[in-house]
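1. I would like to see how this sequence folds:
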Amino acid sequence: MNFTSVEQDDVYLIDMWRVLVREWKWFVAPMILVIALTFAYLHAVKPQWEATAWIQIGQVDTAPIGQDPKVEPMMRVIDRMQMIPFQNEVARSIGLSPDSPEARLYRKSLKIEPLTYEGPLVKLRVLATSPALARQWASATVVQLQTVHQKLESVSLTLARERLDEVQTELQRATATRDALQAASLHDGSSDAGKGTQSSTLTSVLLASRNQEIHDLQMARSELITRLSPAYTYETSLMWPVYVPDHPGYPNPVLILGAGLFAAIFLGALCAISRNALRRKN
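-> Below is the predicted model:
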């Protein structure tokens, strides 16, 4: 059974070969045409370089417990960067018209990918007709996002700093009151050691209350300072420099030539078989 199948396949391949030999002009002509078009395309198309940037979303870590301290949720950041008005502002920021070919390529090639496993990072990829322009597009996108986020986080930062100033003012007032109470207690104790027991007890209670208040204010101030430190409060920025490879990312000559060769052989064989079928029919 297997031998019969092999013999039938051999006969079919031999018949195919005979068809291609008989109609070789119809086989070769489409091949030459497709290969010529492939080489013409490779010479005509402009090389494009891909820039890659990793963006860290800024945060103000003064939000209530359970709320996201990020300036914007990650998916909202991605939606914002994909909006045409945002992309047009990026184009204007580097001195290009939103209707220019470079801007159209930027909008078409812009790819944004969330990287939740690396923390709240966004991976950005964009194509341009030169390495310098690709790097400029990626950097300008980050700068535009920074500008938007600075406006959004300014309210939270202002409120947090005002709260820190209030805590520091209250702490200074409480410390001054405690120092006055301590001085009064020492004065009363030295001037009249046997009297003023009730007054001394009241002063001790007031001192204990002030000490607890000072302790609470110191804890609140320390927590606010920690939350506003660069480890917890930071702006939207690039995690690493924009990466642009030395060679263009598009077109890929090997891939295009391989696809062109495959298409040339397929089209040539199809034309030769079709011509042979027409000849036999006539």
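
2. all helices of the stretch 51-200 of the chain, in order?
-> 74-81, 84-93, 101-109, 131-191, 197-227 (DSSP state H, counting those that start in this stretch).

3. Could you pull up the mean pLDDT of the fourth one?
-> The predicted model assigns helix 131-191 a mean pLDDT of 86.

4. quick thing: my sequence starts at 398, can you match it?
-> Okay, residue one is now 398; in that scheme the one you just asked about reads as helix 528-588.

5. quick check: angle from it to helix 498-506?
-> Calculated by axes from the mean of the first three to the mean of the last three Cα atoms, to 10 degrees, helix 528-588 forms an angle of 70 degrees with helix 498-506.

6. And for the second one?
-> In this structure, helix 481-490 runs at an angle of 140 degrees to helix 498-506, with the same axes, to 10 degrees as the basis.

7. And the shortest one, by the same measure?
-> Using the same axes, to 10 degrees, the direction of helix 471-478 lies 150 degrees away from that of helix 498-506.

8. Now helix 471-478: buried residues?
-> By neighbour count on 16 or more other Cβ atoms under 10 Å, the buried set for helix 471-478 is M471, V474, R477, M478. (Each C-beta comes from the backbone N, C-alpha and C, glycine too.)

9. now the first one, nearest residue through space, not along the chain?
-> Using Cβ to Cβ, 6 or more residues apart in numbering and skipping residues adjacent in sequence, the residue nearest M471 is P511, 5.2 Å away.

10. before we move on, what about the third one?
-> If the residues on either side of it in the chain are set aside, R477 comes closest to F483, at 5.7 Å by Cβ to Cβ, 6+ apart.

11. Hmm, T544 and that neighbour touching each other?
-> No. F483 is not in contact with T544 according to Cβ atoms under 8 Å; the separation is 10.4 Å.

12. Just want to know which of the two has more residues nearby.
-> The residue with more neighbours, out of F483 and T544, is F483; 15 against 12, by other Cβ atoms under 10 Å.

13. what residues are up against that one?
-> F483 makes contact with R477, Q541, V545, according to Cβ atoms under 8 Å, 6 or more residues apart in numbering.

14. cool, L621 as well?
-> T459, A557, R560, L561, V564.

15. which of the residues you listed lies closest to I662?
-> Looking at the contacts of L621 and their distance to I662, the nearest is T459, at 66.0 Å (Cβ to Cβ).

16. show me what contacts that closest one?
-> Counting by Cβ under 8 Å, 6+ apart, T459 makes contact with P466, S553, L556, A557, R560, L621, R624, L625, T630.

17. next one: I653
-> Contacts of I653 by Cβ under 8 Å, 6+ apart are T435, Y438, L439.

18. does the residue lying closest to the second one once chain neighbours are set aside count as helix, strand or coil?
-> Of all residues beyond its chain neighbours, the one nearest Y438 is I653 (7.1 Å), with distances taken as Cβ to Cβ, 6+ apart. Each residue gets one of three states, and I653 gets helix by DSSP: H, G, I helix; E, B strand; the rest coil.

19. Same question for D643.
-> Per three-state DSSP, D643 ends up coil.

20. what number of residues lie near it?
-> Neighbour tally, D643, other Cβ under 10 Å: 6.

21. thinking again about what came up before, kindly reformat the helices of the stretch 448-597 of the chain as JSON lines containing distance to Y640.
-> Below are the helices of the stretch 448-597 of the chain laid out as JSON lines (distance: least, Cβ to Cβ, whole Å):
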{"stretch": "helix 471-478", "distance to Y640": "18"}
{"stretch": "helix 481-490", "distance to Y640": "19"}
{"stretch": "helix 498-506", "distance to Y640": "15"}
{"stretch": "helix 528-588", "distance to Y640": "9"}
{"stretch": "helix 594-624", "distance to Y640": "33"}
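
22. what's the closest of these to A448?
-> Short answer: helix 528-588, nearest of the helices of the stretch 448-597 of the chain by Cβ to Cβ, at 3.7 Å.

23. The closest one to helix 594-624, inter-axis angle?
-> 170 degrees.

24. For W421, which non-adjacent residue is spatially closest?
-> That would be A669: by Cβ to Cβ, 6+ apart, it lies 7.5 Å from W421.

25. so what's that neighbour up against?
-> Per Cβ under 8 Å, 6+ apart, neighbours of A669: V416, L417, E420, W421, W423, F424.

26. Isn't the first one up against I670?
-> Yes. Shown here, V416 and I670 form a contact pair, counting by Cβ under 8 Å, at 6.1 Å.

27. Right, I'll leave it there.
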